[in-house]
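1. only geometry, no sequence info:
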């Protein structure tokens with residue numbers, strides 16, 4: 001019997017419930033995947049609260065890794081026993097097994113285990129497009145990264161260091177500062193104690209940075225704009241503190257003719273060839289040990305309520321996964 005987390009209404013962590021489900025058999029273009037591990041991401045809370053609209057009732061979760069158990073009619077590119085990982089729609093990764101479309105799947109190399117895959121497919125591919133697609137960064141450039149001790153932050157800082165990019169990271173505590181520094185950040189700013197924009201100006205001889213990567217949203221938007229160099233780019237790729245405020249075009253001029261973008265991972269992995277290229281680079285770094293994936297929290301799927309409470313309260317560090 002398969003089990004899954006389901007929600008009947010949007011709301012707090014308490015709306016999630018763990019129950020047996022019938023998954024059926026795969027149809028054309030589909031396979032059955034038995035999960036080895038499932039990812040826990042902030043995006044999951046957006047679907048749970050309704051910030052990201054989804055039909056209800058529904059499952060939750062957009063990232064998992066496991067083994068294909070059955071294939072639907074006409075499937076020739078996957079066979080039972082293949083190891084796969086994925087991130088993106090449809091919802092339903094919080095489950096022991098599920099039927100899903102093959103166009104969401106990415107082949108998983110044998111030297112990357114399921115927990116590592118579930119901890120880094122979304123975060124790693126996010127980092128990949130942020131560093132390799134959003135802006136033409138060069139060795140020697142300096143960028144500002146909020147939440148530098150988070151799941152994306154730890155991967156981003158390591159990858160940036162490999163590219164010769166200097167990362168100024170923001171964190172909430174001295175303990176998280178040590179973690180961020182150990183994973184590639186050149187400097188760390190304690191945002192609860194220091195003026196982030198002023199520190200960025202000090203660390204860049206008054207110039208500011210060409211790019212700010214902001215996954216926080218509402219509470220960091222103004223600081224991020226004020227940290228940019230003239231004609232710099234603010235990349236708002238997450239909203240853990242709430243959506244960014246409406247953009248006043250004149251403010252962008254006053255801040256130095258700066259730019260703002262709100263990208264989504266789905267648009268950078270929609271093309272299979274581009275997704276394969278980004279995933280291949282990510283997997284190569286991880287398999288070689290050049291990028292370490294830190295899994296600091298592990299939960300049972302049945303404990304999803306506590307997992308979401310920990311995530312939303314800021315008690316997690318690095319990546320988190322559900323054991324299956």
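-> Looks like it came in fine. From a predicted model like this one, the values you see are computed outputs, not experimental measurements.
2. can you confirm residue 38 is in a strand?
-> Yes - assessed with DSSP: H, G, I helix; E, B strand; the rest coil, residue 38 lies in a strand.
3. name the nearest residue to it, ignoring sequence neighbours.
-> In space, and not counting its chain neighbours, residue 38 is closest to residue 322: 4.1 Å by CB to CB, 6 or more residues apart in numbering. In short, each C-beta sits where N, CA and C put it, glycine included.
4. same deal with residue 197?
-> Nearest non-adjacent residue to residue 197, counting by CB to CB, 6+ apart: residue 226, 3.9 Å away.
5. now for the one you found, how many residues are close by?
-> 18 (other CB atoms under 10 Å).
6. which strand or helix spans it?
-> helix 221-227 (DSSP states H and E).
7. buried residues in that helix?
-> By neighbour count with 16 or more other CB atoms under 10 Å, helix 221-227 contains the buried residues 221, 223, 224, 225, 226, 227.
8. for that helix, the distance to its chain's centre please.
-> 22 Å (CA atoms, centre = their mean, to the nearest Å).
9. cool, stretch 76-89 as well?
-> For stretch 76-89, the distance to the chain centre is 20 Å (CA atoms, centre = their mean).
10. repeat for stretch 294-309
-> Distance of stretch 294-309 from the chain centroid (CA atoms, centre = their mean) equals 16 Å.
11. kindly report the same for stretch 28-37.
-> The answer for stretch 28-37 is 21 Å, by CA atoms, centre = their mean.
12. how about residues contacting that stretch?
-> 23, 25-26, 64-75, 78, 84, 86, 93, 95-103, 105, 113-115, 117-119, 321-324 (CB atoms under 8 Å, 6 or more residues apart in numbering).
13. so which of these sit within strands?
-> Among the contacts of stretch 28-37, DSSP state E puts 64-71, 84, 86, 97-101, 105, 321-323 in strands.
14. select only the buried ones of those in PyMOL?
-> A single PyMOL command selects the buried members of those (16+ other CB under 10 Å):
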select buried, resi 64+65+66+67+68+70+71+84+86+97+98+99+100+101+105+321+322
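15. among the buried residues of helix 221-227, which one sits closest to residue 187?
-> Within the buried residues of helix 221-227, the smallest distance to residue 187 is 12.7 Å, found for residue 227 (CB to CB).
16. and the residue nearest to the closest one when sequence neighbours are not counted, how many neighbours?
-> Sequence neighbours aside, residue 200 is the residue nearest to residue 227 in space, at 4.2 Å (criterion: CB to CB, 6+ apart). Residue 200 is flanked by 27 other residues according to other CB under 10 Å.
17. correct me if wrong, but residue 200 is in a helix.
-> Yes - the assignment for residue 200 by three-state DSSP puts it in a helix.
18. okay, it: pLDDT?
-> What the model reports for residue 200 is a pLDDT of 98.
19. gap between the residue nearest to residue 63 when sequence neighbours are not counted and residue 12?
-> Of all residues not flanking residue 63 in the chain, residue 39 sits nearest, at 3.3 Å (CB to CB, 6+ apart). To residue 12, residue 39 is 21 Å away according to CB to CB, to the nearest Å.
20. the two - which one has more neighbours?
-> residue 39 (29 against 13).
21. can I see the domain layout of the chain?
-> The chain breaks down into these domains under automatic domain parsing: 2-120+271-323, 135-262.
22. picking that back up, for the helix holding residue 226, name the packing helices and strands.
-> helix 196-203, strand 209-214, strand 228-236 (3 or more CB pairs under 8 Å, 6 or more residues apart in numbering; DSSP states H and E).
23. picking up where we left off before, may I have the beta-bridge partners of the residue nearest to residue 63?
-> Here residue 39 sits in beta bridges with residue 321, going by DSSP bridges.
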